[in-house]
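[1] Have a look; sequence and predicted model below, questions after that.
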Amino acid sequence: MATVRRVAAMLDLDPDDFREGAPLPRGWHFILLGADTRRSALRVDGFPGLGVPMPDLGLPRLMLGARTVAFHSDIPIGASLKRTSSVRSLRQKETTSGSMAIVTIGHELNLDGHANPAVSETQTYLLLPASKLSPGKVDRLPPVSAERITTAVADETLLFQYSALGFNSHKIHIDRAHARDVEGFPDLVVNGGLATLLLTEFLRKDLLVVPSAIRVRHLAPLYCGRTVTLAADRDGSAWHLKAFDDLNTHAVDMEVDI
């Protein structure tokens, strides 16, 4: 219950609006996926894994590529749960940039006494070689056009709070020197999970949509302190959401089933 109140506070919502026994807002289950990885077991980039030992393979850089979430039933706030996590697949490949690996991790959240999961999620990570990015100059693209649009800014405080709530110590989110000098990003990188949360909150608060499933692809980084444009279009009985960076580059794609 205390953690749910902190998520509300992070999102600038009144914590008293979220009471024990009420349904956990869909998308807030990220707080149930944090791992208790010992500091000595962290990857060199600080990523703790998610309750599953993440293979090293000599590939020190890690990026979230995609996630799929199915909401089978509501999770009451304060309920007892069992989480099961495992590596579902591991595939290595050679590219023009060198070796890489694609790791898929599966999670299931079961309410006590229930055989079937309330939430199931798969996350796909890219393990990459040590190479400093050298992003070239990118021109601003035409303005975003969509049925519904809003904006958000993920500043340092939001990145810190989200990372703390998920016990995520990946250095690209919290260590500006590492993000810039080691991995070559221009600034701290917005957590992929935080970008997803901004989109599911757009669904919940602005569109009044309760999703039954979401499918998310991360196409380009979003950076700390820069305006993110969130766009939504109805697609028959479903919704299609996108997040764009401050230059209107399409960064996150989300398909939503109702």
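    Alright, I've got the coordinates.
[2] neighbours around Pro142, how many?
    6 (other Cβ atoms under 10 Å). Placement of C-beta: from N, CA and C, glycine included.
[3] for it, helix, strand, or coil?
    Following DSSP: H, G, I helix; E, B strand; the rest coil, the label given to Pro142 is coil.
[4] give me the beta-bridge partners of the closest residue to Ser89 other than its chain neighbours?
    Closest residue to Ser89 apart from its sequence neighbours, by Cβ to Cβ, 6 or more residues apart in numbering: Thr104 at 4.5 Å. Beta-bridge pairing for Thr104 (DSSP bridges): Ser89, Thr124.
[5] Would you quantify the distance from Thr104 to Ser212?
    Remark: distance between Thr104 and Ser212 (Cβ to Cβ, to the nearest Å) = 21 Å.
[6] Among these two, which residue is more densely surrounded?
    Comparing Thr104 with Ser212 by neighbour count (other Cβ under 10 Å), the higher total belongs to Thr104, at 18 against 14.
[7] Just want to check the distance between that one and Glu147.
    Using Cβ to Cβ, Thr104 is found at 32 Å from Glu147.
[8] which other helices and strands contact whichever helix or strand Val228 is part of?
    According to DSSP states H and E, Val228 maps onto strand 227-235. In terms of contacts (3 or more Cβ pairs under 8 Å, 6 or more residues apart in numbering; DSSP states H and E), strand 227-235 is packed against strand 148-153, helix 192-201, strand 238-244.
[9] which of the ones you listed is buried the deepest?
    Most buried of these, by mean neighbour count (mean count of other Cβ atoms under 10 Å): helix 192-201, with a mean of 23.
[10] need the strands for this protein, in chain order.
    Secondary structure of the chain (DSSP state E): strands at 61-71, 81-95, 98-111, 119-128, 148-153, 213-218, 227-235, 238-244, 250-257.
[11] Pull the residues that contact the second one.
    Right, the one you point to is strand 81-95. For strand 81-95, the external contacting residues (Cβ atoms under 8 Å, 6 or more residues apart in numbering) are 32-33, 50-52, 55, 57, 75, 99-112, 118, 122.
[12] Let me know which of the helices and strands packed on strand 227-235 is the nearest to Leu127.
    In terms of Cβ to Cβ, the element of the helices and strands packed on strand 227-235 nearest to Leu127 is helix 192-201, at 14.7 Å.
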